[in-house]
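Peer 1: this is the structure alone, sequence omitted:
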């Protein structure tokens, strides 16, 4: 599969100053936040599609697509968390260069995200799969590739994250939502009226991360992000 050329220098330039003077990194992180929202909506739609009887023949591809969307949303969330907090600045300080330690922290956080993506690429060809145009291929051809992508990405996920379900009950069972429930861990859908406690059907168990072990960035460079996947050249 061919990968489009990516220039780390151009990417850093776009993040650090290419969006206009005085705005800094805000546009790129706003875009990342919007992407997480869209990925979440898409994930909900894919999970809902699994409940439709007409989707039964396509259950496996839909489930795999939901997994890939969840991985993308998780990686984007990590990138958002590395965004530097904005603080009020006096007008006289506007012309001063950014502190070196702040630039280093931002570069280090972004490098960790790129390095994590490179792990998914190395173990599961994740970037190749997403960047390639799969329209010309048949469902059988895509399915055979997806199996390898799923196995590799799952291994990478388990290596760097400890993930457990939020709800312990079986999906489809009746559950009780107590008062004071966490809206971060429980999302209520359907006919919502009144106040907790609620009783409903568990549509999706949900997932939480209990530990994170990000890959170490080798040879960090404040001016350049690490390569996502090096170009491979076979010598004759």
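Peer 2: Right, received. Where do you want to start? The model shown is predicted, which means the values in this text are computed figures rather than measured ones.
Peer 1: so who does residue 185 touch?
Peer 2: Residues in contact with residue 185, defined by CB atoms under 8 Å, 6 or more residues apart in numbering, are 166, 206, 208. C-beta coordinates here come from the backbone N, C-alpha and C atoms, glycine included.
Peer 1: can you put these in a markdown table and add distance to residue 58, neighbour count and pLDDT?
Peer 2: Supplementary listing: those in a markdown table, determined by distance: CB to CB, whole Å; neighbours: other CB atoms under 10 Å; pLDDT from 0 to 100:
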| residue | distance to residue 58 | neighbour count | pLDDT |
| --- | --- | --- | --- |
| 166 | 26 | 13 | 95 |
| 206 | 23 | 13 | 95 |
| 208 | 28 | 11 | 95 |
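Peer 1: now those residues as TSV including secondary structure and distance to residue 144?
Peer 2: Below are the contacts of residue 185 laid out as TSV (DSSP: H, G, I helix; E, B strand; the rest coil; distance: CB to CB, whole Å):
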residue	secondary structure	distance to residue 144
166	coil	33
206	coil	30
208	strand	32
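Peer 1: and which of the residues you listed is nearest to residue 108?
Peer 2: In terms of CB to CB, no member of the contacts of residue 185 lies closer to residue 108 than residue 208, at 25.6 Å.
Peer 1: just list the residues touching the closest residue to that closest one other than its chain neighbours, thanks.
Peer 2: Here the nearest residue to residue 208 in space, its sequence neighbours aside, is residue 166; by CB to CB, 6 or more residues apart in numbering that works out to 5.3 Å. Residue 166 makes contact with 185, 186, 205, 206, 207, 208, according to CB under 8 Å, 6+ apart.
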